[in-house]
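>>> Here is my input, please return the structure:
(one chain, ligands or ions: 2)
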Amino acid sequence: MSVVINNIGLLVTNDPSVGSDDLGQIRDAAVVIDADRIVWVGRGVEAPAADYQADMTGACVIPGFVDSHSHPVFAGDRSDEFDARMNGQKYEAGGILRTVRRTREASVGVLDAVMTGILDEMARSGTTTVEAKTGYGLDVETEVKLARIASSHTDEVTFLGAHVVGPGFEPDEYVRLVCGEMLQAVRPYARWIDVFCETGAFDRDQTLEILRAGKDAGLGLRLHAAQLGPSEVIAQACELGVASIDHCTFLSEKDIDVMQATGTVATLLPAAEFSTKQPYPDARRLLDAGVTVALATDCNPGTAFTSSMPFCLAIAVREMGMTPEQALWSATAGGAAALRRDDVGVIRPGARADLVSVAAPSWLHLMYRPGVPLIDTVWRGGRMLSLTQPRLRLDG
Ligand SMILES: N=CN[C@@H](CCC(=O)O)C(=O)O
Ligand SMILES: [Zn+2]
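Ligands and ions are numbered 1, 2, ... in the order given. Sure, this is the predicted structure:
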């Protein structure tokens with residue numbers, strides 16, 4: 001069954017072969033979708049016939065957002081830590097263990113309801129691809145539980161058993177557990193492995209040992225690094241083939257040169273700096289060096305409890321030196337690059353039919369009018385999503 005989505009006032013394709021800029025913009029456009037794929041893109045007057053049509057009445061249409069960094073499977077609330085930070089306290093990784101305790105106590109039903117509620121919120125703000133990490137279990141049984149829940153909602157599941165050292169373990173003993181029994185148990189449900197390389201979490205050698213174990217197990221590599229201070233691990237992680245280094249606030253010139261040379265994506269997480277009052281990363285410095293930049297929410301109860309990519313775009317242009325075009329590209333095609341995907345974050349024939357309409361004459365309004373719910377229609381895999389009220393329940 002084919003549908004022509006026509007009367008699109010302004011279409012962003014992210015296909016540089018189309019239109020006159022990186023965003024591949026087309027005015028008065030149409031898109032034809034068939035099953036879960038895009039089959040035609042172009043000017044509306046040239047659109048082929050289709051079984052059905054959807055009239056966008058002049059609205060702007062963009063690719064669905066690709067949120068390449070989130071922690072949506074957990075229980076409990078840490079709003080008190082946010083309050084403390086807004087009253088002057090510094091963020092520390094220690095809060096993660098509070099969420100671990102609540103998550104271990106929670107049933108599969110409660111954990112799945114939290115993730116479902118967050119995914120509802122994400123869909124309502126235009127996100128059609130989500131990477132979801134484990135990392136609030138820190139024992140084999142719970143990490144498997146989290147990975148199974150995440151894999152029932154997305155293919156982009158990341159094993160983050162190396163979030164912090166599990167309660168009751170010596171660091172090296174815990175690293176052996178992560179690299180051995182925990183990795184093997186989670187492996188069937190995960191596409192990626194990730195490590196939090198930071199003071200209070202894992203050091204360079206531990207990080208590399210865990211990434212190597214994940215690579216040997218056939219997983220793609222991701223890395224939280226340079227969030228609270230410089231990380232010595234960047235160059236070696238890039239050489240190991242990490243797809244994306246995330247946070248990237250404290251990068252050295254050498255780090256940036258190696259990331260550019262190896263094609264490693266820098267995934268920036270502005271909501272984390274917003275919530276922790278840390279300095280924002282300098283996206284302009286990365287972009288000028290030719291590093292591919294992605295934007296993601298980092299949705300988690302500790303440092304960034306937002307599900308809204310538009311919120312992250314607004315901060316990125318206000319605080320991180322990105323132009324609106326760069327922010328939109330980074331939140332769509334950039335997120336796809338961070339996941340090494342070429343079928344999402346772009347509107348071209350063969351791509352998955354993930355499209356979002358913005359109730360405004362231009363996508364610029366997503367940043368120009370921060371906090372306003374401008375997303376009004378979302379297609380994911382060719383299916384129009386019913387944008388129900390979010391069902392997120394945190395009280396378990
Ligand atoms: N930095 C590590 N992990 C999350 C924070 C997790 C938490 O504080 O619960 C992050 O990416 O910001
Ligand atoms: Zn994170």
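>>> Flag the shaky bits of the stretch 51-200 of the chain, pLDDT-wise.
For the stretch 51-200 of the chain, the stretches with pLDDT under 70 are 92-94.
>>> what does the protein put close to ligand 1?
Counting by C-beta under 6 Å from any ligand atom, the residues of the chain close to ligand 1 are 95-96, 99, 196, 224, 227, 272, 298, 300-304. Quick note: C-beta positions are derived from backbone N, CA and C, even for glycine.
>>> mind listing which of the residues you listed are in helices?
Of the positions in the residues of the chain next to ligand 1, 96, 99, 272 sit in helices, assigned by DSSP state H.
>>> Which residue is the nearest non-sequential neighbour of the first one?
This points to Ile96. Nearest residue to Ile96, sequence neighbours excluded (C-beta to C-beta, 6 or more residues apart in numbering): Val164, at 5.0 Å.
>>> Mind jotting down where the strands sit in the stretch 151-300 of the chain?
Ranges of strands within the stretch 151-300 of the chain are 157-162, 192-197, 220-225, 244-247, 265-268, 293-295, based on DSSP state E, counting those that start in this stretch.
>>> pLDDT at the residue in the chain positioned nearest to ligand 1, what is it?
Nearest residue of the chain to ligand 1, counting by C-beta to the nearest ligand atom: Gly302, 2.3 Å away. On pLDDT, Gly302 comes in at 95.
>>> Ser79 is in contact with that one, correct?
No. Using C-beta atoms under 8 Å, Gly302 makes no contact with Ser79, being 10.3 Å away.
>>> Compare the two (neighbour count), which wins?
Neighbour count, other C-beta atoms under 10 Å: between Gly302 and Ser79, Gly302 has more, with 23 against 10.
>>> any idea how far Thr116 is from the residue nearest to that one when sequence neighbours are not counted?
Ranked by C-beta to C-beta, 6+ apart and with sequence neighbours excluded, the top spatial neighbour of Gly302 is Gly95, at 4.8 Å. Distance of Gly95 to Thr116, computed by C-beta to C-beta, to the nearest Å: 24 Å.
>>> quick one: contacts for Ser307?
Counting by C-beta atoms under 8 Å, 6 or more residues apart in numbering, Ser307 makes contact with 70, 72, 118, 121-122, 125, 127, 297, 299.
>>> Farthest pair within those residues?
Across the contacts of Ser307, no pair lies farther apart than Pro72 and Ser125, at 13.6 Å, counting by C-beta to C-beta.
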